[in-house]
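*Asks:* sharing a sequence plus its predicted fold:
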Amino acid sequence: MYEKDGDRYFVVDGHVHFWDARPENRNRFGEGFIKCFYDYHRNLGPPEYEWTLEEFEKYPAERMIHDLFEVGYDDKAIMQPTYLRDFFPGGFNTTEQDAELAEQHPDRFIVNGSFDPRDGQLGLEQLERLADRYHLQGVKLYTAEWKGRSRGWKLNDLWAERYLEKCQELGIRNIHVHKGPTIWPLDRDAFDVADVDGAASDFPELNFIVEHCGLPRLEDFCWIATQEPNVYAGLAVAIPFIHTRPRYFAQVIGELLYWIGEERIMFASDYAIWQPKWLVEKFVDFQIPDDMQGELGTLTTDVKRKILGLNAARLYGIEVPEGMDIAAPEQHVAIGSEPVSPVS
């Protein structure tokens, strides 16, 4: 929890990882992948939070707990797995790895699963086992992940639709999809946001949280999300620009508020690329510059509360401390649509 000037903020960190990118668990593609992550880490964050590459490749559980919950302000953190076994034979960041840490720290983490529709029927059975073992509420999908000769897949592929149907059947309501900047050596276009459109229309009972809010395709994301009331914006990768490019971040957050409203934007640190401590502090202090407010508006304390934690708490059924919740207003009306109730 974060408190400043008498205002309290319940923080749900919507996108964290506990990865293993050590040299013994990677090939040359894995090496390039983690070094690309590391470039984001060094170039977008304050220098006092910079790690060495060795620290970044594999950090101890104790450090993660310290950074998120002791000096950081997270009340809850959602672990988002990314398997990448073609690059990291033992798995980069698997559900099982995440769950082992989460079980040591009850009430701190929510563990999400994952699926890859290229695994066919066997993958569906594995998803069922994961859902049963870990009581999954969500999955994290990486549509650009390599598998053999395949260099990606789409949400509207036939097998992907079968997996989304299975999620619906299993009560897995929150579908987190990486639709943001590419990471070497993955293909940029395999992260294109366009396939979210049909999936969100076909599965209105599911929530599609587009991680990284589609960057660098923000405009495409906004035009899709304004038509699809079950599409949400995750701020991982976008929010660190609050430090290096504050006017750019103002443009991003302003566009999201204009198109989809304050109830469908979710904070995420993307730990261990960045840490929630400085992100939360800078976001609470941030305001859209005066000369941009005429078009983009302002960030109120209540809007910041929703983005930092209340929106994610609603999707995941997280109990919010008494007196800290805000009654959700009527759903933001998408252009060309009738008002609808929020998906939860």
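*Replies:* Perfect, thanks for sending it. Nothing here was measured: the structure is a model prediction, and the numbers come from that model.

*Asks:* show me what contacts Tyr82?
*Replies:* No, residue 82 isn't Tyr; it's Thr. Counting by C-beta atoms under 8 Å, 6 or more residues apart in numbering, Thr82 makes contact with His17, Trp19, Phe92, Asn93, Ser114, Lys140, Tyr142, Glu145, His178. To be clear about C-beta, it is placed using only N, CA and C from the backbone, and glycine gets the same treatment.

*Asks:* what do you get if the cut-off is 7 Å, keeping everything else the same?
*Replies:* By C-beta atoms under 7 Å, 6 or more residues apart in numbering, the residues touching Thr82 are His17, Phe92, Asn93, Lys140, Tyr142.

*Asks:* can you say which of these are buried?
*Replies:* Buried subset of the contacts of Thr82 (neighbour count, 16 or more other C-beta atoms under 10 Å): His17, Phe92, Asn93, Lys140, Tyr142.

*Asks:* just the pLDDT at Phe158, thanks.
*Replies:* To be clear, residue 158 is Leu; Phe isn't right here. Predicted confidence (pLDDT) at Leu158: the value is 96.

*Asks:* what of Pro204?
*Replies:* 96.

*Asks:* any idea how far Arg63 is from it?
*Replies:* 41 Å (C-beta to C-beta, to the nearest Å).

*Asks:* again, but for Asp74
*Replies:* 14 Å.

*Asks:* okay, those two: which has more neighbours?
*Replies:* More neighbours surround Asp74 than the other of Asp74 and Arg63, with 29 against 12 (other C-beta atoms under 10 Å).

*Asks:* give me the buried positions along the longest helix belonging to the chain.
*Replies:* Longest helix in the chain, counting residues (DSSP state H): helix 28-44. Going by neighbour count (16+ other C-beta under 10 Å), the buried part of helix 28-44 is Gly30, Glu31, Gly32, Phe33, Ile34, Cys36, Phe37, Tyr38, Tyr40, His41, Leu44.

*Asks:* distance between that helix and the chain's centre?
*Replies:* 18 Å (C-alpha atoms, centre = their mean, to the nearest Å).

*Asks:* which other residues reach the following helix or strand past that helix?
*Replies:* Sequence-wise, the next helix or strand downstream of helix 28-44 (DSSP states H and E) is helix 53-57. Helix 53-57 is contacted from outside by Ala21, Arg22, Ile34, Tyr38, His41, Ala272, using C-beta under 7 Å, 6+ apart.

*Asks:* repeat for stretch 265-280
*Replies:* Residues from elsewhere that reach stretch 265-280 (C-beta under 7 Å, 6+ apart): 2, 11, 13-17, 37, 40-41, 45-46, 49, 56, 59, 67-68, 71-74, 209, 232-237, 239-240, 256, 307-309, 311-312.

*Asks:* list the ones among these that fall in helices.
*Replies:* Reading helices off the contacts of stretch 265-280 with DSSP H, I get Phe37, Tyr40, His41, Phe56, Leu256, Asn311, Ala312.

*Asks:* correct me, but the last one touches Val12?
*Replies:* Yes - with contact defined as C-beta atoms under 7 Å, Ala312 reaches Val12; the gap is 3.9 Å.

*Asks:* which one of these two has more residues nearby?
*Replies:* The neighbour comparison of Ala312 against Val12 (other C-beta under 10 Å) goes to Ala312, with 28 against 25.

*Asks:* re earlier: nearest to Leu186 among the ones in helices among the contacts of stretch 265-280?
*Replies:* Using C-beta to C-beta, Phe37 is the member of the ones in helices among the contacts of stretch 265-280 that lies nearest Leu186, at 11.7 Å.

*Asks:* which residue packs closest to that closest one, ignoring adjacent ones?
*Replies:* Ile273 (5.9 Å; C-beta to C-beta, 6 or more residues apart in numbering).

*Asks:* assign a three-state SS to the one you found, would you?
*Replies:* Three-state assignment for Ile273 (DSSP: H, G, I helix; E, B strand; the rest coil): coil.

*Asks:* from the buried ones among the contacts of Thr82, pick the one nearest Ile172.
*Replies:* Lys140 (11.2 Å).

*Asks:* in strands, which of the buried ones among the contacts of Thr82 fall?
*Replies:* Those of these mapping onto strands are Lys140, per DSSP state E.

*Asks:* including pLDDT and distance to Trp278, could the buried ones among the contacts of Thr82 go into JSON lines?
*Replies:* JSON lines is the format used below for these (pLDDT from 0 to 100; distance: C-beta to C-beta, whole Å):
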{"residue": "His17", "pLDDT": "97", "distance to Trp278": "18"}
{"residue": "Phe92", "pLDDT": "97", "distance to Trp278": "25"}
{"residue": "Asn93", "pLDDT": "95", "distance to Trp278": "22"}
{"residue": "Lys140", "pLDDT": "98", "distance to Trp278": "24"}
{"residue": "Tyr142", "pLDDT": "95", "distance to Trp278": "26"}
